[in-house]
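Participant: Any chance you could fold what I've pasted below:
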Amino acid sequence: MILDIILLVVEFIFLIKGADIFVDGASSTAQNFKVPKMLIGLTIVAFGTSAPEFAVSMSALANGNTDMVLGNVIGSNILNILLILGIAAVIKPIKVKDETVKKELPLTLLISTLLVVVFLDVKLANQLSNQITRSDGIVLLLFFSIFIYYLITLALQKRDKVEKPKFKIGQSIFLVIVGLMAIIAGSNMVVNSASSIAKLLGLSERVISLSIIAFGTSLPELVTTIVSSKKGEQDLLVGNIIGSNIFNICIVLGVPVSIYGSITPINFNVIDLIMLILSALIIYIFSCTKKTVSKTEGVIMLFLFIIYYTLVFVV
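Facilitator: Sure thing, here's the model as predicted:
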């Protein structure tokens, strides 16, 4: 058991290092091609920090672990807001731009609600089981295309001077390839090890995916957010979490389902879905009040995080 846990930790480190290399390579590649800095931050960084979730979901669904796919997405999104933004707000109050409150946060709430709606087939469509179908996955991808269109429009309206690339084009592409290979290999190892530990402990895939997998794959967001908060990079901080959460639902879930077909998660409670929407609603409400998420509000978010994860292990 101890050896399995140590192996899982090592695999997570390998996975996250792969994501780190990928982000550096992708950012440098974008700069080499003169892509505006804003677009790099809102797309490349969000994709890079969500790459572990995507790789884990693809691997999990390929191996038939459907609960791990949904748990990875739901758990990561809840962690991103309640834990990561909560910690960031406690470190330093988060200033949220008016444009983010009016457009990006409502879109995050809308897409989170959409995921719950497409999943609740039993209650909303009188089906025998709750499923996320291939058509649902395509709908999620269409919403993501709208988000990308919005980001490109935003970036073109506010063109920043593109910084000098950290690496030459050849080096940048090499880092992208190496990073992706590490992410894919690491995700396969993490899924296998987590499944083994779950069986040894008698835990369900729901609990493992909502806790160990979700926390592990959210570490890139956590590190990026803490560093951004300390450096006062508020736009990068908020943009990373918003972009990552939208990416998680639309791509991390949408792409595997569109490729492999419908999934029928079994071990999920209503509380998981409620907390997914509640977390998106809370950050929206907190941001609307004074365009700032205060330290007190950060503490409230961390308190809700503790309550929820207590329920995850108890219920």
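Participant: what mean pLDDT does the longest helix anywhere in the chain have?
Facilitator: As assigned by DSSP state H, the longest helix anywhere in the chain is helix 169-201. Across helix 169-201, the average pLDDT comes to 79.
Participant: what's the answer for stretch 32-46, then?
Facilitator: 68.
Participant: Quick one: end-to-end length of that stretch, please.
Facilitator: Start and end residues of stretch 32-46 are separated by 19 Å (Cα to Cα, to the nearest Å).
Participant: Stretch 238-254 too?
Facilitator: End-to-end for stretch 238-254, by Cα to Cα: 23 Å.
Participant: low-confidence ranges in the stretch 201-315 of the chain?
Facilitator: 231, 233-236 (pLDDT under 70).
Participant: Show me where it has its helices.
Facilitator: 205-208, 214-217, 219-231, 234-247, 254-260, 270-290, 295-314 (DSSP state H, counting those that start in this stretch).
Participant: could the ones you listed be laid out in JSON lines, adding distance to R134 and mean neighbour count?
Facilitator: Backbone N, C-alpha and C define where each C-beta goes, glycine included. As requested, the helices of the stretch 201-315 of the chain are exported to JSON lines (distance: least, Cβ to Cβ, whole Å; neighbours: other Cβ atoms under 10 Å):
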{"stretch": "helix 205-208", "distance to R134": "22", "mean neighbour count": "23"}
{"stretch": "helix 214-217", "distance to R134": "24", "mean neighbour count": "25"}
{"stretch": "helix 219-231", "distance to R134": "28", "mean neighbour count": "20"}
{"stretch": "helix 234-247", "distance to R134": "19", "mean neighbour count": "24"}
{"stretch": "helix 254-260", "distance to R134": "6", "mean neighbour count": "20"}
{"stretch": "helix 270-290", "distance to R134": "21", "mean neighbour count": "18"}
{"stretch": "helix 295-314", "distance to R134": "29", "mean neighbour count": "16"}
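Participant: To V9, which of those helices lies closest?
Facilitator: With Cβ to Cβ, the closest approach to V9 among these belongs to helix 214-217: 8.8 Å.
Participant: same for the closest one, what does it pack against?
Facilitator: helix 2-32, helix 46-62, helix 66-78 (3 or more Cβ pairs under 8 Å, 6 or more residues apart in numbering; DSSP states H and E).
Participant: nearest to I91, of those?
Facilitator: helix 46-62 (18.1 Å).
Participant: Reformat the helices and strands packed on helix 214-217 as TSV; add distance to I307 and mean neighbour count.
Facilitator: Shown next, in TSV, are the helices and strands packed on helix 214-217 (distance: least, Cβ to Cβ, whole Å; neighbours: other Cβ under 10 Å):
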stretch	distance to I307	mean neighbour count
helix 2-32	25	19
helix 46-62	23	26
helix 66-78	11	28
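Participant: Those helices: which one's closest to T133?
Facilitator: The nearest among those, by Cβ to Cβ, is helix 66-78 at 12.4 Å.
Participant: After the closest one, which helix or strand is next?
Facilitator: helix 86-91 (DSSP states H and E).
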